[in-house]
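**Q** coordinates for the following, if possible.
(one chain, ligands or ions: 1)
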Amino acid sequence: MLLIEAKDYNDMSRKAANIISAQVIMKPHAVLGLATGSTPVGAYKQLVEWYNKGDLDFANVTSVNLDEYKGLSPENDQSYRYFMNTNLFNHVNINKERTFVPNGLEPDSEKACAAYNEIIRSVGGIDLQLLGLGNNGHIGFNEPAKEFTHTTYKVALTQSTLDANKRFFPDSDMPRYALTMGIDSIMQAKRIVLIATGAAKAQAVRDMIRGAVSPECPASILQNHADVHIFLDREAAKLL
Ligand code: GLP
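**A** Predicted structure coming up:
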């Protein structure tokens, strides 16, 4: 695990965007594993800026997102598909048909998960996976549990996650289930970049890096990955 302490949120976002950008420049046909949440917004903004300057070309990039809420349509402004479109895909020249998010509308979740595993397999696996970090140590929507998870599955969100994310659902009930890549799917990515900011993440950051590798802190599994870069601001790093 390589730890990089950034000066602040903007510095962290630029640094993470630099690695994603280098990946796309070195391998124009790269498969990017992408994340949602408030943390990656700055990195996506930076990528759009570099694209507008002519420094980046997404024409041959494929993307697979970590997760999606169960029951939300792509048009719902709280769906992760909508988030990706508005924060990144609508502003760069990526081929939307090569951008994948689990299908939260498929009533048969097992079918949706199997289809998503097949997509990840058929695109040749993930070159670079971007991750945020939940307050409780979750990655994607892999919540603290008794065992590490495997491939894409339907997850019941924990109270901690419902509490952390309900601010995004002021006018409607927050979905209680999601479809998420499993821990094995994430660990199979060739390179992983995790970003975390703010004091609310400090304990999860500590457990991820200094704690035992345990499904009680899903992100701790990253200690076993050969190529992980973790970008933190000072607040998120304050318990290290
Ligand atoms: C959500 C997402 C995660 C994200 C996490 C942290 O639950 N499924 O992928 O990393 O929340 O979100 P934020 O960046 O808003 O703190």
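
**Q** mind picking out the helix or strand in the protein with the poorest mean pLDDT?
**A** In the chain, no helix or strand scores lower on mean pLDDT, DSSP states H and E than helix 159-165, which sits at a mean of 90.

**Q** residues touching the residue nearest the centre of the chain, list them.
**A** The residue lying closest to the centre of the chain (C-alpha atoms, centre = their mean) is residue 35, at 2.4 Å. With contacts defined as C-beta atoms under 8 Å, 6 or more residues apart in numbering, the neighbours of residue 35 are 65-66, 130-132, 140. Using the backbone N, CA and C atoms, a C-beta is placed for each residue, glycine as well.

**Q** ok, which of these also contact the ligand?
**A** Contacts with the ligand are made by 66, 132, 140 out of these, judged by C-beta under 6 Å from any ligand atom.

**Q** show me what contacts residue 27?
**A** Taking C-beta under 8 Å, 6+ apart as the test, what residue 27 contacts is residue 127.

**Q** ok, the residue nearest to the centre of the chain to residue 110 distance?
**A** Computed with C-beta to C-beta, to the nearest Å, the distance linking residue 35 and residue 110 is 24 Å.

**Q** quick revisit: and the residue nearest to the centre of the chain, what pLDDT?
**A** You'll see residue 35 listed with a pLDDT of 98.

**Q** which residues of the chain lie near the ligand?
**A** 35-39, 66-67, 132-134, 140-141, 161, 165.

**Q** wait, residue 148 touches residue 185, no?
**A** No. Look at residue 148 against residue 185 with C-beta atoms under 8 Å: they stay out of range, at 11.3 Å.

**Q** between the two, which one's more packed in?
**A** Higher neighbour count among residue 148 and residue 185: residue 185, with 26 against 16, using other C-beta atoms under 10 Å.

**Q** residue contacts, the more buried one?
**A** Contacts of residue 185 (C-beta under 8 Å, 6+ apart): 117, 120, 150-152.

**Q** which strand or helix spans it?
**A** helix 183-187 (DSSP states H and E).

**Q** now the element after that helix, going C-ward?
**A** Toward the C-terminus, helix 183-187 is succeeded by strand 191-196 as the next helix or strand (DSSP H and E).

**Q** report the distance from that following strand to the chain centre.
**A** 8 Å (C-alpha atoms, centre = their mean, to the nearest Å).

**Q** who touches it?
**A** 12-13, 16, 19-20, 23, 39-40, 43, 127-133, 139, 186, 204-205, 208, 219, 222, 225, 227-233, 236.

**Q** now the buried members of these.
**A** Among the contacts of strand 191-196, the ones that count as buried by 16 or more other C-beta atoms under 10 Å are 12-13, 16, 19-20, 23, 39-40, 43, 127-133, 139, 186, 204-205, 208, 219, 222, 225, 228-233, 236.

**Q** out of those, list just those in helices.
**A** 12-13, 16, 19-20, 23, 43, 186, 204-205, 208 (DSSP state H).

**Q** what would these look like in JSON lines with pLDDT?
**A** JSON lines is the format used below for these (pLDDT from 0 to 100):
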{"residue": "12", "pLDDT": "97"}
{"residue": "13", "pLDDT": "97"}
{"residue": "16", "pLDDT": "97"}
{"residue": "19", "pLDDT": "97"}
{"residue": "20", "pLDDT": "98"}
{"residue": "23", "pLDDT": "98"}
{"residue": "43", "pLDDT": "98"}
{"residue": "186", "pLDDT": "98"}
{"residue": "204", "pLDDT": "98"}
{"residue": "205", "pLDDT": "98"}
{"residue": "208", "pLDDT": "98"}
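
**Q** mind putting those in a markdown table, distance to residue 79 included?
**A** Compiled in a markdown table, those are given as follows (distance: C-beta to C-beta, whole Å):
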| residue | distance to residue 79 |
| --- | --- |
| 12 | 26 |
| 13 | 23 |
| 16 | 23 |
| 19 | 27 |
| 20 | 22 |
| 23 | 26 |
| 43 | 20 |
| 186 | 21 |
| 204 | 25 |
| 205 | 28 |
| 208 | 27 |
